[in-house]
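Asks: no sequence for this one, just the structure:
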């Protein structure tokens, strides 16, 4: 009931069906075989639904279109193109490879960011423990002198504020999260958030490279399948999962519909070259002259796939010193509060 279908599950589905078709198994038998073999109950249910429609006489792409929660527009378009050109097996395998590439890229990003964010999380937990449990035990010692140093007062005051308002603080951050989530769920809010994410100084660079890998890979895949250029750009925009990128691709498709060149429409849609950088536009422009845009976009995807790793390493180099600086400031604050009190007590006792 609570099983979920991840990218690897979908990739395995497409790969298995493609392999069975290559070995001469009919589509219906291939679907039945995968249905009986898969152990994911939710995936089994979706394949069963797919079987129901295909057994009723629907082409695979038509059956997929009736299951929008499982199949994306991009996947459906590729399968439809494969059916029309007699290359269904190749289309299925291409979708599988693309999904696995996406998952590999996502794992690289998550793996690289896990360590610095764990550091920040432990710093936060340590800070809360010190403020809520350690400082209250030291307050009688720190305040035994009539004159408490200012730095010690700030430390005690912060501790008291957190302890007395911890529930309010938690509720405040929950409210901020819920409000932000509600705003992001709106069209304008989503566009504003995605635009901010793309334009952020350090994180934005990684995210832009990630989007470049996604959209160039999708462009190459869809163009290679022989899908019309307008549909290619509209589907690519949706597949990025970013409202700002989708807007840029929609504008590009509108420009192409006015018989503009692909590179010209891309430059017009993104005049600040945020998503379509100068080198990408130059490569697309050159590829148009030789009708090899699908090949060039695949090469761009491979190039930026390597740059994602480089951008992540740069971002981690920024995050780690920031985490260390925060820890250093907190420890220094704590040490000053303690030693200032000790010095004050020593001075009062004429030691």
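Replies: Perfect, I can see it now. These numbers were taken from a predicted model, which means no experiment stands behind them.
Asks: elements contacting the helix or strand of the chain with the lowest mean pLDDT?
Replies: Using mean pLDDT, DSSP states H and E, the weakest-scoring helix or strand in the chain turns out to be helix 135-142, at a mean of 77. Applying 3 or more C-beta pairs under 8 Å, 6 or more residues apart in numbering; DSSP states H and E, one finds that helix 135-142 contacts helix 150-164, helix 293-348. The C-beta positions use only the backbone N, C-alpha and C, and glycine is treated the same way.
Asks: now what about that helix, what contacts it?
Replies: Outside helix 135-142, the residues that touch it by C-beta atoms under 8 Å, 6 or more residues apart in numbering are 148, 152, 155, 156, 159, 163, 337, 338, 341.
Asks: again, only this time at 7 Å
Replies: Helix 135-142 has contacts (C-beta atoms under 7 Å, 6 or more residues apart in numbering) with 148, 152, 155, 156, 159, 163, 341.
Asks: tell me the two of the residues you listed that are most distant?
Replies: 163 and 341 (19.2 Å; C-beta to C-beta).
Asks: neighbour-wise, which of these two wins?
Replies: Legend: neighbour count by other C-beta atoms under 10 Å for residue 163 and residue 341, higher for residue 341 (24 against 13).
Asks: is it true that the more buried one touches residue 152?
Replies: Yes. Taking contacts as C-beta atoms under 7 Å, residue 341 lies within contact range of residue 152: 5.0 Å.
Asks: what's residue 92 in contact with, if anything?
Replies: 14, 17, 18, 79, 82.
Asks: for it, give its distance to residue 18.
Replies: Distance from residue 92 to residue 18, counting by C-beta to C-beta, to the nearest Å: 4 Å.
Asks: same question for residue 178.
Replies: Distance of residue 178 to residue 18, computed by C-beta to C-beta: 43 Å.
Asks: these two: which is more packed in?
Replies: residue 18 (22 against 10).
Asks: just for the chain, where's the confidence low?
Replies: Residue ranges of the chain with pLDDT under 70: 1-3, 145-146, 345, 348-351.
Asks: center of it - which residue?
Replies: Centroid check for the chain by C-alpha atoms, centre = their mean gives residue 106 as the closest residue, at 7.2 Å.
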